[in-house]
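Chemist: quick check, what structure comes out for this input:
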Amino acid sequence: MLADDPSATIAAIAAAAGVDRRTVYRRFASREDLMAAVYGARYDAVEAAIEAARLREAPVAVALHRYVEGIVAVNRAWPVETSRMLREVTLQERRRRLIDEVDTFVRRATDEGLFRSDLPPGWVAAVLPPLMVHAAEDLPGLSAAQAADVVVDTLLRGAGTPGALLLVPGKPA
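Modeler: Here you go, the predicted structure:
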């Protein structure tokens, strides 16, 4: 419900859950407390996906696929508007740790030759999250694993055909 309407009221959320709003307020003192719990649960799921991907130990290609598959599944299970999470003070440190973990993985993947080293710093880390969001939202007919295949292939091979570079102005043929 919050994914469809981030401004949904406690009364509307309670009605959708089939409970009285007082029941919600017994558990959450305010709407902000409810939102913090939702965001916290999403971060729990992201942390679990990162842990399951074994970004530090698994072969980089395997870890990348596991990570993308896990995050696509999280995005589908917790489709809340994430920009609001950026303002949640209690989650900022958790978010920073997760970003650092992924950034470390991207550097490892670059060092091991999975990603190009001539790309601007931070480029892969910047384009990967939107790809995972689009896969979660725009490929509902695919399993999380199949959607991860699409994301990883797009990330590693790009969307152009092998001959496309011949058509780019300013690029040598």
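
Chemist: now do the contacts for Val46.
Modeler: Taking C-beta atoms under 8 Å, 6 or more residues apart in numbering, we find Val46 in contact with Ile71, Val74, Leu98. For glycine as for every other residue, the C-beta is placed from the backbone atoms N, C-alpha and C.

Chemist: and the least confident of those residues?
Modeler: Ranked by pLDDT, these bottom out at Leu98, which scores 92.

Chemist: the closest residue to it other than its chain neighbours: which element?
Modeler: Nearest non-adjacent residue to Leu98, counting by C-beta to C-beta, 6 or more residues apart in numbering: Val46, 5.9 Å away. According to DSSP states H and E, Val46 maps onto helix 31-53.

Chemist: and the next element down the chain from that helix?
Modeler: Downstream of helix 31-53, the first helix or strand assigned by DSSP H and E is helix 60-77.

Chemist: just the buried positions in the next helix or strand along the chain from that following helix, please.
Modeler: Per DSSP H and E, helix 60-77 leads on to helix 89-111 as the next helix or strand towards the C-terminus. Buried residues in helix 89-111, counted by 16 or more other C-beta atoms under 10 Å: Leu91, Arg94, Arg95, Leu98, Glu101, Val102, Phe105, Val106, Ala109, Thr110.

Chemist: ok, now stretch 52-69?
Modeler: Ala53, Leu55, Ala58, Val60, Ala63, Leu64, His65, Arg66, Tyr67, Val68, Glu69.

Chemist: now, the most widely separated pair of these?
Modeler: Largest separation among the buried residues of stretch 52-69 by C-beta to C-beta: Val60 and Glu69, giving 14.8 Å.

Chemist: sorry, back to before: which one of the buried residues of helix 89-111 is nearest to Asp149?
Modeler: Among the buried residues of helix 89-111, Ala109 lies closest to Asp149 (C-beta to C-beta), at 17.1 Å.

Chemist: grab the nearest non-local neighbour of that closest one.
Modeler: Per C-beta to C-beta, 6+ apart, closest to Ala109 is Val60, 4.4 Å.

Chemist: pretty sure that neighbour is touching Arg107, no?
Modeler: No - under the criterion of C-beta atoms under 8 Å, Val60 is not in contact with Arg107, lying 10.6 Å apart.
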